[in-house]
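**Q** Compute the structure for the input listed below.
(one chain, ligands or ions: 1)
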Amino acid sequence: MEEIKCIFCGTDSDHVVIEEHGYQGKQCAQCGLIYISPRPSLAEIVDLYGHDDAYISADSHIANAYPTRLYARHHLKIIRSFVKSGALLEIGAGAGYFLDEARKVGFSPYALEFNPIQADFMRNKLDILCEESPLDSSVFGGKHFDVVYHCDVISHLFNPVADFITINKILNDDGLLVFETGNIAEVAPMYFKYFQLFQYPDHLFFFSVDNLVDLLGRTGFKLVRVYRYPILPQLLAIGLMSRVRATIKKWILKSDTEGKHSLGDEGDGDLSGNSARPLSARTMIKHAIRNAYEYVNYLLRYKIGLITPKEGRPQTVIIVAKKQATTAGGMRPAFSAGRLP
Ligand SMILES: [Zn+2]
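**A** The predicted model follows:
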C-alpha cells in the first residue's frame, strides 16, 4: 500500500468522500479528482486480474453476451459516425463481444486482456487476436491502430497519464480514442447513496468530464465530442430489482425447504450463445426474462435517461478524442504520482 497525491495537481487531500472495503477515496480540492489513497501496489493489482479475483469474474463477463453486444452496437454507431473501418484495439476487452460486433461492421479487432480465462475465450471461441500483456507501445509487434477503445477501464488504470501517452503513441495520425466511464467526481454527494458499490479497490480513480478533458490535453489528444447519459433512472431500477430479487430468493428458499421444486436447480445455462447443450423450456424462459430486464436496463441507461436532468447527477459518458498532430505544441507536462513498471 502506498499514499498517493492527485495525479493532476500533485497536491495531498484529506477529504474522504468514499469509504468501501477498507479503502478511502479522497477528493482533490483543486480539480475534484477522486483517488484511492493509500492504494495497492501495481504488482498486487496485476495479480488481482491475473487470478480472476477482480470484482467482475471471467464467468460473468462471458455470460453477459446479450447486454454487452447491445451496448457494443450502440457505441459502434457512435464510432462509425467518425470512422467506418480500420484496426481497432480494445484495452480490457472482457470476453470480446464488443470486438466481435466491431468486426461485423467492418473493423479488424485486436484485444488486450489480463484475465487468462477471458483471453482464451476470445482466441478460441471468437477467433480474436488477444495479448495478455499490459498496455505498452510494443503490443502486437509495435502495430499502430486507427481506433483505440476502452469501456469502464480508465478507473482501473494505475497511471492514467502514462497509459494515455502510450495510447497516443500506438494510434495512427488522426487516430481516434473512444472510451466510456462515469462522471463520479462531478456528482453531488447526495447521489452517492444510489451507487450500490464503488467496486474498491478495482477502481483507483473517479473523474469528472473536466478531469478527462484535462487528461486528454496533457497526453496529446484533442477532444472531439462528449456524450452524456444520465443514469439515475437506471441506478434506481437496479436498486429496486435487487430488493425484488432478494424477496424472490427468500421465497424460493422457503419453498425449497417445504420440498418444492427450485427455480435455480437447473443452473443458469450458457448465456454466451456458445453452448451446444440444448436448453430446457424453463431455462429458456429464465433467459428471456433476464434479456428483457437487460434490454430495459439498456433503454434506461442510453435512451430514457437522456430526458432527465444532468447537472450534478450520475452519468455515464462516452468521450471521443483525436490524436493531435505532434507539431501542434506537443504535450503539456503532467505530474505523475504513479510509478511505471
Ligand atoms: Zn487535483
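
**Q** CA atoms for contacts and neighbours, from now on please.
**A** Will do.

**Q** Run through the residues that contact I154.
**A** With contacts defined as Cα atoms under 8 Å, 6 or more residues apart in numbering, I154 is in contact with 160, 181, 205.

**Q** same check, this time on L216
**A** Residues in contact with L216, defined by Cα under 8 Å, 6+ apart, are 164, 222-223, 321.

**Q** Dump the strand or helix carrying E180 to PDB, restricted to CA.
**A** Element membership of E180 [criterion: DSSP states H and E] is strand 171-182. Taking Å, rounded to 0.1, in the frame of the first residue of the first chain, the C-alpha atoms of strand 171-182 are listed here in PDB:
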ATOM      1  CA  LEU A 171      -2.500   5.400 -32.700                       C
ATOM      2  CA  ASN A 172      -2.100   6.300 -36.400                       C
ATOM      3  CA  ASP A 173      -2.100  10.000 -37.200                       C
ATOM      4  CA  ASP A 174      -5.700  11.300 -36.800                       C
ATOM      5  CA  GLY A 175      -6.500   8.000 -34.900                       C
ATOM      6  CA  LEU A 176      -9.400   8.000 -32.600                       C
ATOM      7  CA  LEU A 177      -9.600   7.300 -28.900                       C
ATOM      8  CA  VAL A 178     -13.100   6.400 -27.700                       C
ATOM      9  CA  PHE A 179     -13.900   5.500 -24.100                       C
ATOM     10  CA  GLU A 180     -16.700   5.200 -21.700                       C
ATOM     11  CA  THR A 181     -16.600   6.000 -17.900                       C
ATOM     12  CA  GLY A 182     -18.600   7.600 -15.200                       C
END
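
**Q** so who does the residue of the stretch 51-200 of the chain found nearest the ion touch?
**A** Scanning the stretch 51-200 of the chain for the residue nearest the ion gives A185, at 10.8 Å (criterion: Cα to the ion). Under the criterion of Cα under 8 Å, 6+ apart, the contact list for A185 reads 27, 32-34, 206-208.

**Q** Please check those residues and keep the buried ones.
**A** Restricting those to buried positions leaves 27, 32-34, 206-208, with burial counted as 16 or more other Cα atoms under 10 Å.

**Q** Filter those residues down to the ones in strands?
**A** Secondary structure from DSSP state E places 27, 34, 206 of the buried ones among the contacts of A185 in strands.

**Q** who in the stretch 1-150 of the chain is up against the ion?
**A** Proximity of the stretch 1-150 of the chain to the ion (Cα under 5 Å from the ion) is limited to residues 6, 8-9, 28, 30-31.
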